[in-house]
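Peer 1: the following block contains a protein sequence and its predicted model.
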Amino acid sequence: MNFDALDLSILGPAMLAGLLVLSTHVPMGREVLARGIIFIDLAVAQIAGLGVIAAHRMDLELAGYGAEIAAGTAAISGALLLSWLEKRFPEVQEAVIGVVFVLAATGGILLLADDPHGGEQLKDLLVGQILWVNLSSLVPVALLYAAVLAMWFGLRKRLGRHGFYLLFALTVTASVQLVGVYLVFASLIIPAIATRAMPLRSGLALAFGVGTLGYGLGILLSALFDLPTGAMIVWALAGTSTAFVAWRGDGRSRRQEDG
């Protein structure tokens, strides 16, 4: 156990990045769960990642706006495609989303096939590099998320299917750059599953609490035991959500008993 690794200057921005991601992913995760399109976030995140890989292949700076634009363009295009496919093939929607995810994932592998550092870049894209974030890089993300949340809570009922997919794509694009594909999926779905039977307001608050505890525990354990941070946070999110469900019991049964 390495207590010297508990450096607030590194762990603090990482935790703040996690809180920012949760601020948008908690409400969107509940919506995704309600719509029954569980793997859409994984597909859109992977498409955004494909945009980042394409930017790398075009020799664009991955930390610059070129990669952001490439990832955003790819994610929005993918979201519009998924929106059209949802309308055209609703009976096989989840299967189609899975196919799109696989195509985006394998497309990235093909683009990196002749890159000697391709494996490392692909790993970073999937599990993220949350410990590398700094406060200055979080400012534009915070501004984007603030705009997304304003639209989400102010105009959600008027967004429609296309509006939902576009807003979702913009959010996921920024999140992939911060925390990686796996954490995007985990942040959206795991807290939402844990609080799925709860009313909207209390469910959102408790999902955010479960997510915050998961991020904090995952970052702490990864630092103490020198483990990959993104992967550790995914497991911590699963653990805290499982503990919450076990502690609370089946919410649906409670509501039936109360009724």
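Peer 2: Looks like it arrived, so ask away.

Peer 1: secondary structure class for Asp114?
Peer 2: Assigned by DSSP: H, G, I helix; E, B strand; the rest coil, the conformation of Asp114 is coil.

Peer 1: give me the pLDDT for it.
Peer 2: Among the per-residue scores, Asp114 holds a pLDDT of 86.

Peer 1: kindly report the same for Tyr165.
Peer 2: 84.

Peer 1: so which helix or strand takes in it?
Peer 2: helix 135-179 (DSSP states H and E).

Peer 1: would you mind pulling up the elements that that helix packs against?
Peer 2: helix 8-35, helix 40-57, helix 65-88, helix 181-194 (3 or more C-beta pairs under 8 Å, 6 or more residues apart in numbering; DSSP states H and E). In this view, the C-beta of every residue, glycine as well, is placed from N, C-alpha and C.

Peer 1: output the contacting helices and strands for the shortest one.
Peer 2: Pointing back at helix 181-194 there. helix 8-35, helix 40-57, helix 118-127, helix 135-179, helix 200-225, helix 229-248.

Peer 1: once you drop chain neighbours, what's closest to Leu11?
Peer 2: Among residues not flanking Leu11 along the chain, Ile219 sits closest, at 5.6 Å (C-beta to C-beta, 6 or more residues apart in numbering).

Peer 1: which residues touch that neighbour?
Peer 2: Applying C-beta atoms under 8 Å, 6 or more residues apart in numbering to Ile219 gives the contacts Leu11, Ala14, Met15, Gly18, Ile130, Thr229, Met232, Ile233.

Peer 1: distance of the residue nearest to the fourth one when sequence neighbours are not counted relative to Val21?
Peer 2: The shortest distance from Gly18 to any non-neighbouring residue, by C-beta to C-beta, 6+ apart, is to Tyr215 (3.6 Å). When distance is defined by C-beta to C-beta, to the nearest Å, Tyr215 is 8 Å away from Val21.

Peer 1: to Phe185, which of the helices and strands packed on helix 181-194 lies closest?
Peer 2: Checking the helices and strands packed on helix 181-194 against Phe185 by C-beta to C-beta gives helix 40-57 as the closest, at 4.7 Å.

Peer 1: dump the closest one to CSV, restricted to CA.
Peer 2: Taking C-alpha atoms only, helix 40-57 is exported to CSV below (Å, rounded to 0.1, in the frame of the first residue of the first chain):
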residue,chain,number,x,y,z
ILE,A,40,-26.3,3.3,-27.1
ASP,A,41,-23.7,5.1,-24.9
LEU,A,42,-21.1,2.4,-25.5
ALA,A,43,-21.7,2.7,-29.3
VAL,A,44,-21.6,6.5,-29.4
ALA,A,45,-18.6,6.6,-27.1
GLN,A,46,-16.8,4.1,-29.4
ILE,A,47,-17.7,6.1,-32.4
ALA,A,48,-16.3,9.2,-30.7
GLY,A,49,-13.2,7.2,-30.0
LEU,A,50,-13.0,6.3,-33.7
GLY,A,51,-13.0,10.0,-34.5
VAL,A,52,-10.1,10.5,-32.1
ILE,A,53,-8.2,7.7,-33.8
ALA,A,54,-8.9,9.2,-37.2
ALA,A,55,-7.6,12.5,-36.0
HIS,A,56,-4.4,10.8,-34.9
ARG,A,57,-4.0,9.2,-38.2
